[in-house]
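Novice: Below are the sequence and a predicted model; questions follow.
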Amino acid sequence: MTQSTRQANYDIHPSFTQRWSPRAFDDQPLAEEEILRLIEAARWAPSAFNVQPWRFCYAIKGDDYWDRFLDALIPFNQSWAKNAGALIFVLSDKHTREADGSIKGDSYSHSFDAGAAWAALAAQAVHDGLVTHGMTGLDFEKAPAILGIGDDYRLEAGIAVGHIGKADSLPEGLQAKEQPSERKPLSAIAFHGPWQG
């Protein structure tokens with residue numbers, strides 16, 4: 001993995017600054033066990049009332065679902081994500097449910113909770129020596145049908161995952177951007193007391 005030169009203001013676990021979102025992948029499929037280990041980490045994320053609204057649909061490079069899942073991305077993302085080892089789509093259940101699966105009510109935190117699961121997945125990927133790139137550049141009109149998603153679920157995002165590749169494998173316009181990004185300063189996001197925006 002490319003070494004990150006990003007510096008945190010406080011002493012945090014290095015995996016947070018090591019995580020970034022490259023677009024260059026090595027074009028090798030992942031083993032299903034590698035993908036399921038990432039989803040296992042996501043399974044342990046916190047959620048409101050322990051509803052666990054997240055769901056994951058995945059395709060492994062070269063399998064029967066790969067071309068269809070790749071087609072759920074916008075063309076720009078297809079141009080580089082085609083080299084990932086797997087594609088994972090994150091869904092969330094828009095409802096809370098009874099034990100029998102019937103709808104109990106609306107969930108107001110399903111997207112927030114699914115985001116927590118994605119963060120856990122990304123953290124596990126760093127630990128496993130993999131890289132991830134989350135994206136909302138999806139074809140939201142046709143993707144639900146490709147993935148078989150009904151109205152009770154929201155398609156949140158897609159994730160390209162695999163082993164890091166070389167920047168020169170990317171389209172020319174993306175090669176210079178293939179480096180870890182910076183973060184906003186704490187002063188722009190943390191407020192002691194009311195928000196001061």
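Specialist: Received the coordinates, thanks. Owing to the predicted nature of the structure, the values given are computational and were not obtained by experimental measurement.
Novice: which is the next helix or strand following whichever strand in the chain runs longest?
Specialist: Secondary structure assigned by DSSP state E gives strand 153-162 as the longest strand of the chain. Helices and strands here follow DSSP states H and E; after strand 153-162, the next one along the chain is helix 172-175.
Novice: Let me see the confidence value for residue 3.
Specialist: Note for residue 3: predicted pLDDT of 50.
Novice: Equivalent analysis for the one 4 residues further on, please.
Specialist: According to the model's per-residue confidence, residue 7 sits at a pLDDT of 90.
Novice: excluding its backbone neighbours, what's nearest it?
Specialist: residue 17 (7.3 Å; Cβ to Cβ, 6 or more residues apart in numbering). In this view, the C-beta of every residue, glycine as well, is placed from N, C-alpha and C.
Novice: ok, now which ones touch the closest residue to residue 103 other than its chain neighbours?
Specialist: In this structure, residue 103 finds its nearest non-sequential neighbour in residue 95, 4.6 Å apart by Cβ to Cβ, 6+ apart. Residues in contact with residue 95, defined by Cβ atoms under 8 Å, 6 or more residues apart in numbering, are 103, 104, 105, 106, 107, 152.
Novice: hang on, the earlier thing: other SSEs contacting the longest strand of the chain?
Specialist: helix 75-81, strand 86-93, helix 110-127, strand 131-135, helix 143-147 (3 or more Cβ pairs under 8 Å, 6 or more residues apart in numbering; DSSP states H and E).
Novice: okay, the ones you listed in JSON lines with mean neighbour count and distance to residue 190 next?
Specialist: Shown next, in JSON lines, are the helices and strands packed on strand 153-162 (neighbours: other Cβ atoms under 10 Å; distance: least, Cβ to Cβ, whole Å):
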{"stretch": "helix 75-81", "mean neighbour count": "17", "distance to residue 190": "32"}
{"stretch": "strand 86-93", "mean neighbour count": "23", "distance to residue 190": "26"}
{"stretch": "helix 110-127", "mean neighbour count": "20", "distance to residue 190": "18"}
{"stretch": "strand 131-135", "mean neighbour count": "22", "distance to residue 190": "23"}
{"stretch": "helix 143-147", "mean neighbour count": "17", "distance to residue 190": "35"}
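Novice: Looking at those, spot the one closest to residue 33.
Specialist: Closest of the helices and strands packed on strand 153-162 to residue 33 is strand 86-93, at 11.5 Å (criterion: Cβ to Cβ).
Novice: Just the angle for the closest one relative to strand 153-162, thanks.
Specialist: 160 degrees (axes from the mean of the first three to the mean of the last three Cα atoms, to 10 degrees).
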